[in-house]
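**Student:** here is my input, please return the structure:
(chains A and B)
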Number of protein chains: 2
Amino acid sequence: MESYKGLSPSQFFYRNREIAGFSNPVRSLYQAVRELLENSLDATETHGILPEIKLEIKPSNNQNDKITIRIEDNGIGIPITEVPNVFARVFYGSKYVLRQARGVFGLGVKMAVLYAQITTATPIYVKSSIESSETEYEYRLFIDIEKNLPIVLELNVRKKRKKWHGTIVELTIQGNWPLARRRIEEYVRRTALIAPYATIRLITPESSIEYKRVSRKLPEPPQVGKYHPKGVDIELLKILIRSADRKMRLLDFLTKYFDGVGKKTALNFCQWAGFNPDHKIGRLTLTDLEKLSNKMHVYNKWRRPKPLTLSPLGDTLLKEGVKRILEPEFVTAISRPPSSYGGNPFIIETALAWGGKVPVSDTPMLLRFANRIPLLYDESVDVSRKIIDAIDWNVYKVKFPAPIAIVTHICSTKIPFKGVGKEAIAEVPEVEKELNIAIRETARRLRRHLSRIEKMYEIKRKEVTISKYMDEVTRALAYILNNDGGETIIKQKLMELLKKEIKRKAIVRGGIKSAAKAPCSR
Amino acid sequence: MESYKGLSPSQFFYRNREIAGFSNPVRSLYQAVRELLENSLDATETHGILPEIKLEIKPSNNQNDKITIRIEDNGIGIPITEVPNVFARVFYGSKYVLRQARGVFGLGVKMAVLYAQITTATPIYVKSSIESSETEYEYRLFIDIEKNLPIVLELNVRKKRKKWHGTIVELTIQGNWPLARRRIEEYVRRTALIAPYATIRLITPESSIEYKRVSRKLPEPPQVGKYHPKGVDIELLKILIRSADRKMRLLDFLTKYFDGVGKKTALNFCQWAGFNPDHKIGRLTLTDLEKLSNKMHVYNKWRRPKPLTLSPLGDTLLKEGVKRILEPEFVTAISRPPSSYGGNPFIIETALAWGGKVPVSDTPMLLRFANRIPLLYDESVDVSRKIIDAIDWNVYKVKFPAPIAIVTHICSTKIPFKGVGKEAIAEVPEVEKELNIAIRETARRLRRHLSRIEKMYEIKRKEVTISKYMDEVTRALAYILNNDGGETIIKQKLMELLKKEIKRKAIVRGGIKSAAKAPCSR
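**Tutor:** Model prediction:
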């Protein structure tokens, strides 16, 4: 006879913690840092606050594999009543809405809390305050794994002495700092690249690195949006109908609950799909819902999803970020117009950096981001790598080894990840196309830059060559002109002539550049 | 202001169904078939029943992407009161105990039910009966995703007309049969390889394939075991202490709740770790538990974990399975003694097939299994592939292209999967070592086989060569012996001599084989 039993969500993830990245002391430490840093960024930039984040990693004195992580941000803070659930209850949070967000499964920090609890038996420490509140509060929390509920070990509330808002979190987990170190440092570095408006300090036993913000401009935060009709399924229809008035007409339901559906579009769709626009939604049967869902998927005259739910960085900020981290000689960036796949809006942004401190390598260095999260694993199967490897870089005057780096960033309410690891972007044709356009455009800009430099060198070379003969020509001219004492003046005039001519050349080169534009853009 | 909310487990997996393999219509169909087939095997073989399984895949007549999957087994059946929860409640089941089991996360069939519900709006149909019951019952179920509870749409109970037990399940999901077909057929084929005692029929629109059982022997089913002391964490200690008498002494706690811990071992451990063996477990503080957990991890004098929780196939059955599916000319199999990593027992089994219907390829074909589940994805990063590719096959007389296939099977209460995809085994040193020993041993056996064949050919060649001169020798002998009419007799005698000599050679060859054994085994 079998015995059956139920598990709480905490128990499930306690048993399957590798799903959330907590598989071993190296990866777990990396993962915990990620969750904390991403939470802090979301608590600031999404709410119009310039992030000011301090991240400390402190291995314990007597036990090498016991690591304390402490993070401090100037975010909006978490309401006192929400803190226990947000930190110590699996499947609870603020990310379950339709908009671009950091984080992978929305499991987030709970997994780090659970991991701390089972490896070092230490509770999470949280101190927080929201702007409008006059108090600040400190919690120490465990998770009751069997019940999936927070256990409050300690709660202190006191009046704020100075005006502040934000959150401080401290966690102690089993980890392997020496092995996780490089990944974590790289993660913070790349985060600093994609968030040039953030000041991030990383304090470790070995060093204290500060990435000071290079811009005070924040990208427009994403808004919570409606679903696109192409993205529905039967369950979603049921949920929306349940939340609506049962007597609502199908026509009104479509226009009210879906992205970019006006009255005319809704009417056209109903006619095409064979639905009565006046049908009360409360009376739709399951068969109706299945048909409705199928037809909504197939209909090809919906408007494109609106990108209001997205928050691209923009080319200027992206360029700033790249300069701050890679310190190249040349950088260019592109933020493409919104596109979509299967009802999900997305935006592609890319940058290309050349020379300066960009390391020289045999193939372009690639830095990938999804919704402003750096992707560090599985580069070899990412669609960006595939596109870059398929490009004949000779066409763009790049001869390897070369100091070239490419940054790709995809924003979407649903990032098309490949597999469950969520570290590589899949080859969705719409995404591939956008990436291809953007990467090739930056490559063309690089070619123009390299041509310009070539030309400059050529002119410089001519100038040097001509200058060499200047004395002789001056002497000859003075002789011919019978002007023995005027050599200095003649030489000066000749030099002026040469400079003028060089300048003219350079301008013509500028003209060549503009002329070259047309045949290049495909 | 942020708004916070909770999700039910069903809602979480509804949003993150790719975790359980339900990412697109191809993969989802494959995954649903897997879940159903694995459940049926677990309901039979684990309980000493020879599996008799019928699996049907029926695309809908009018809609190509609507597929009905129906499975029928002769398993133990599911008690009437458990059916709704087992099929329509996430995090509920019989697999949450410590023993080898099929299935990946224990999410199992619920995800298929959820997927059916959201893509085709059809409930799951379940008919079941247990042996001791006089009734059979039919259910139609949905999942209430918001509450994570079953919705019973229909329940019929009636007296059984004939004596049967087992379960019939029918599901209709959105799927892509043309694209999933090959994978599913291969999955069933490999399942038939690893379960030679099972009769499995696969009925599809194109064909009806029956894998008839080739053995009536079932491997010993796994038992539910105790945890090994090396595998604990603080949470597990807390759970075990909660379930025990708080006044129990630490000494008794260790011997009662852990695998292979006798009184002497427990005493030695307590002394080494600095614990009082008479300490009441109810009075252990969190700091004590952390120390206890750490010490239990580090102590290196525990006995090896007992393999009672495992259920290897054994070399005979494995050979039968390989013969049934690959139909090779030569096959050999090994079932290694139990080993362990980090407190988890495991057993490695491998087989090698050569010639016959094994396809010829440039590198050994690899068929991987974990707890009797075929692994079809991510072969390139699996530790078995790594080992096979590192072997110099010339040593074993294998020249590619060659008709060679290798089967690897790992049984464990905790399969060391690589990543979240759970399709490849990681490079755990203990596992790697066992695989290496087993694969090389089968390779040596192949070499012996190939040597034997070579020798045979050589002898055969000699026989043919000598036979060519037989007539001439006969004539000469007859002349010398002055026995003109006796040529026939002489030739006959010579032939007898030759045959005898060839036979003697063949026996000597056998001797060579045994002699060669020693230097080969490392």
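**Student:** now A:Tyr377: closest residue in space that isn't a chain neighbour?
**Tutor:** Once flanking residues are discounted, A:Tyr377 sits nearest to A:Glu423: 3.9 Å by CB to CB, 6 or more residues apart in numbering or on different chains. Glycine gets a C-beta too; all of them are placed from N, C-alpha and C.
**Student:** then A:Lys58?
**Tutor:** Nearest residue to A:Lys58 in three dimensions, chain neighbours excluded: A:Thr68, at 4.5 Å (CB to CB, 6+ apart).
**Student:** am I right that the one you found is in a strand?
**Tutor:** Yes: under DSSP: H, G, I helix; E, B strand; the rest coil, A:Thr68 falls within a strand.
**Student:** any weak-confidence spans in chain A?
**Tutor:** A:1-2, A:94-99, A:101-106, A:419-421, A:484-485, A:506-522 (pLDDT under 70).
**Student:** domain-wise, how is it divided?
**Tutor:** Following automatic domain parsing, one gets these domains for chain A: A:9-211, A:229-298, A:310-447, A:448-520.
**Student:** starting at the chain centroid, how far to the second one?
**Tutor:** Averaged C-alpha coordinates place domain A:229-298 at 34 Å from its chain's average position (CA atoms, centre = their mean, to the nearest Å).
**Student:** now stretch A:123-133: buried residues?
**Tutor:** Neighbour counts over stretch A:123-133 (16 or more other CB atoms under 10 Å in any protein chain shown) mark A:Pro123, A:Ile124, A:Tyr125, A:Val126, A:Lys127, A:Ser128, A:Ser129, A:Ile130, A:Ser133 as buried.
**Student:** and of those, the nearest to B:Arg385?
**Tutor:** Among these, A:Ile124 lies closest to B:Arg385 (CB to CB), at 41.0 Å.
**Student:** can you lay out the buried residues of stretch A:123-133 as CSV showing secondary structure and distance to B:Leu367?
**Tutor:** Shown next, in CSV, are those (DSSP: H, G, I helix; E, B strand; the rest coil; distance: CB to CB, whole Å):
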residue, secondary structure, distance to B:Leu367
A:Pro123, coil, 48
A:Ile124, strand, 46
A:Tyr125, strand, 51
A:Val126, strand, 50
A:Lys127, strand, 55
A:Ser128, strand, 54
A:Ser129, strand, 59
A:Ile130, coil, 58
A:Ser133, coil, 62
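**Student:** make CSV out of the residues you listed and add distance to A:Gln492.
**Tutor:** Converted to CSV, the buried residues of stretch A:123-133 look like this (distance: CB to CB, whole Å):
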residue, distance to A:Gln492
A:Pro123, 81
A:Ile124, 76
A:Tyr125, 75
A:Val126, 75
A:Lys127, 72
A:Ser128, 72
A:Ser129, 71
A:Ile130, 72
A:Ser133, 74
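**Student:** pick the one among those residues closest to A:Tyr115.
**Tutor:** Comparing the buried residues of stretch A:123-133 against A:Tyr115 with CB to CB places A:Ile124 closest, at 10.5 Å.
**Student:** isn't that closest one right next to A:Ala88, touching?
**Tutor:** Yes: using CB atoms under 8 Å, A:Ile124 is in contact with A:Ala88, at 7.1 Å.
**Student:** which residues do these two both contact?
**Tutor:** By CB atoms under 8 Å, 6 or more residues apart in numbering or on different chains, A:Ile124 and A:Ala88 have these common neighbours: A:Val113, A:Leu141, A:Phe142.
**Student:** hmm, back to that, residue contacts, the residue nearest to A:Tyr377?
**Tutor:** A:Glu423 neighbours (CB under 8 Å, 6+ apart): A:Leu375, A:Leu376, A:Tyr377, A:Asp378, A:Phe417.
**Student:** which of these are buried? Put it as a PyMOL command.
**Tutor:** What follows is the PyMOL syntax selecting those of the contacts of A:Glu423 that are buried according to 16+ other CB under 10 Å:
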select buried, chain A and resi 375+376+377+378+417
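**Student:** out of the contacts of A:Glu423, who's nearest chain B?
**Tutor:** A:Phe417 (7.8 Å; CB to the nearest CB).
**Student:** how about the lengthiest helix in chain A and chain B, touching?
**Tutor:** The single longest helix within chain A, with elements called by DSSP state H, is helix A:429-480. No: Helix A:429-480 is not in contact with chain B by CB under 8 Å from any CB of the partner chain; minimum separation 14.0 Å.
**Student:** mind giving me the packing neighbours of that helix?
**Tutor:** With contacts taken as 3 or more CB pairs under 8 Å, 6 or more residues apart in numbering or on different chains; DSSP states H and E, helix A:429-480 sits against strand A:330-335, strand A:339-341, strand A:344-354, helix A:383-390, strand A:404-412, helix A:487-520.
**Student:** what's the closest of the ones you listed to chain B?
**Tutor:** For chain B, the closest of these is strand A:339-341, at 12.6 Å, according to CB to the nearest CB.
**Student:** chain center to that closest one, what's the gap?
**Tutor:** Distance, centroid of strand A:339-341 to centroid of chain: 17 Å (CA atoms, centre = their mean).
**Student:** same check on stretch A:495-508?
**Tutor:** 45 Å.
**Student:** pull out the buried positions in that stretch.
**Tutor:** For stretch A:495-508, by 16+ other CB under 10 Å, it's A:Lys505.
**Student:** the stretch 101-250 of chain A against chain B: which residues are in contact?
**Tutor:** Residues of the stretch 101-250 of chain A lying near chain B (CB under 8 Å from any CB): A:105-106, A:117-121, A:145-146, A:233-236, A:239.
**Student:** buried ones from those, can you make that a PyMOL selection?
**Tutor:** To isolate the buried ones among those in PyMOL, judged by 16+ other CB under 10 Å, type:
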select buried, chain A and resi 105+106+117+118+119+120+121+145+233+234+235+236
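**Student:** dump the residues of the stretch 101-250 of chain A next to chain B into CSV; add distance to A:Lys226 and secondary structure as well.
**Tutor:** Below are these laid out as CSV (distance: CB to CB, whole Å; DSSP: H, G, I helix; E, B strand; the rest coil):
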residue, distance to A:Lys226, secondary structure
A:Phe105, 23, coil
A:Gly106, 20, coil
A:Gln117, 39, helix
A:Ile118, 40, helix
A:Thr119, 42, helix
A:Thr120, 44, helix
A:Ala121, 45, coil
A:Ile145, 37, coil
A:Glu146, 38, coil
A:Asp233, 15, coil
A:Ile234, 18, helix
A:Glu235, 16, helix
A:Leu236, 11, helix
A:Ile239, 13, helix
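**Student:** between the residues of the stretch 101-250 of chain A next to chain B, which is nearest A:Thr81?
**Tutor:** A:Gly106 (20.1 Å).
**Student:** show me where the stretch 101-250 of chain A has its strands.
**Tutor:** A:124-129, A:135-144, A:149-159, A:166-174, A:199-203, A:208-211 (DSSP state E, counting those that start in this stretch).
**Student:** bridging residues for A:Cys411?
**Tutor:** A:Ile347 (DSSP bridges).
**Student:** and it, how many neighbours?
**Tutor:** 25 (other CB atoms under 10 Å in any protein chain shown).
**Student:** OK, contacts around it?
**Tutor:** Shown in contact with A:Cys411 (CB under 8 Å, 6+ apart): A:Gln100, A:Leu310, A:Ser311, A:Pro312, A:Phe346, A:Ile347, A:Glu349, A:Ala370, A:Asn371, A:Arg372.
**Student:** so which of these are in strands?
**Tutor:** By the criterion of DSSP state E, membership of the contacts of A:Cys411 in strands covers A:Phe346, A:Ile347, A:Glu349, A:Ala370.
**Student:** ok, the third one touching A:Leu313?
**Tutor:** Yes: proximity of A:Glu349 to A:Leu313 meets the contact threshold set by CB under 8 Å, at 5.9 Å.
**Student:** touching both of the two, which residues are there?
**Tutor:** Common neighbours of A:Glu349 and A:Leu313, using CB under 8 Å, 6+ apart, are A:Ser335, A:His409.
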